[in-house]
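Asks: sequence and predicted structure are below.
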Amino acid sequence: FINAILLFVCFVTPYRIAFVEDTELSWTITDNLIDGIFGIDMILTFFMAFYNIEFILVDTKKDIAINYLKGWFLIDLVAIFPFNVIFDTSDFGALARLTKIPRLYR
């Protein structure tokens, strides 16, 4: 499911940065919905086991959290941070939409 959303973001974000001038309500709702799904994914990542370098399954909560915090956490957090809500981005247009680029790193 998250892969389908990532594909949508990969294709739609560059298009919106290049061609969409105004932020319509439908785009705002879509952005907030995607941010919410990525937020839920961030929370779930703290509970998902992973394989370490030696291909041993790591399933302790502490080790999972440390691994995520040292890895993708900061990029994921920046990707869902609501810059457009906290800062007045009405004057910046495309610059405000550029804040969604970190999603593409995922």
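Replies: Yep, that arrived. Numbers count the residues shown, from 1 in each chain.
Asks: ranges for the helices of this structure?
Replies: 2-19, 25-45, 61-70, 73-80, 83-86, 94-97, 102-105 (DSSP state H).
Asks: for stretch 62-80, buried residues please.
Replies: Buried residues in stretch 62-80, defined by neighbour count with 16 or more other Cβ atoms under 10 Å: Ile64, Asn67, Tyr68, Asp76, Ala79, Ile80. C-betas here are computed from N, CA, C, even on glycine.
Asks: follow-up on the earlier one: as a markdown table, the helices of the chain with distance to Ile53 and mean pLDDT would be great.
Replies: Putting the helices of the chain into a markdown table (distance: least, Cβ to Cβ, whole Å; pLDDT from 0 to 100) gives the following:
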| stretch | distance to Ile53 | mean pLDDT |
| --- | --- | --- |
| helix 2-19 | 24 | 85 |
| helix 25-45 | 19 | 90 |
| helix 61-70 | 11 | 97 |
| helix 73-80 | 19 | 88 |
| helix 83-86 | 35 | 69 |
| helix 94-97 | 38 | 58 |
| helix 102-105 | 22 | 62 |
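Asks: quick check: which of those is nearest to Phe55?
Replies: helix 61-70 (14.5 Å; Cβ to Cβ).
Asks: that closest one to helix 73-80, inter-axis angle?
Replies: With axes from the mean of the first three to the mean of the last three Cα atoms, to 10 degrees applied, the angle from helix 61-70 to helix 73-80 works out at 60 degrees.
Asks: and the angle for helix 61-70 with helix 25-45?
Replies: Using the same axes, to 10 degrees: helix 61-70 against helix 25-45 is 140 degrees.
Asks: how about residues contacting helix 61-70?
Replies: Applying Cβ atoms under 8 Å, 6 or more residues apart in numbering, the contact partners of helix 61-70 are Thr45, Phe46, Phe47, Met48, Ala49, Phe50, Val58.
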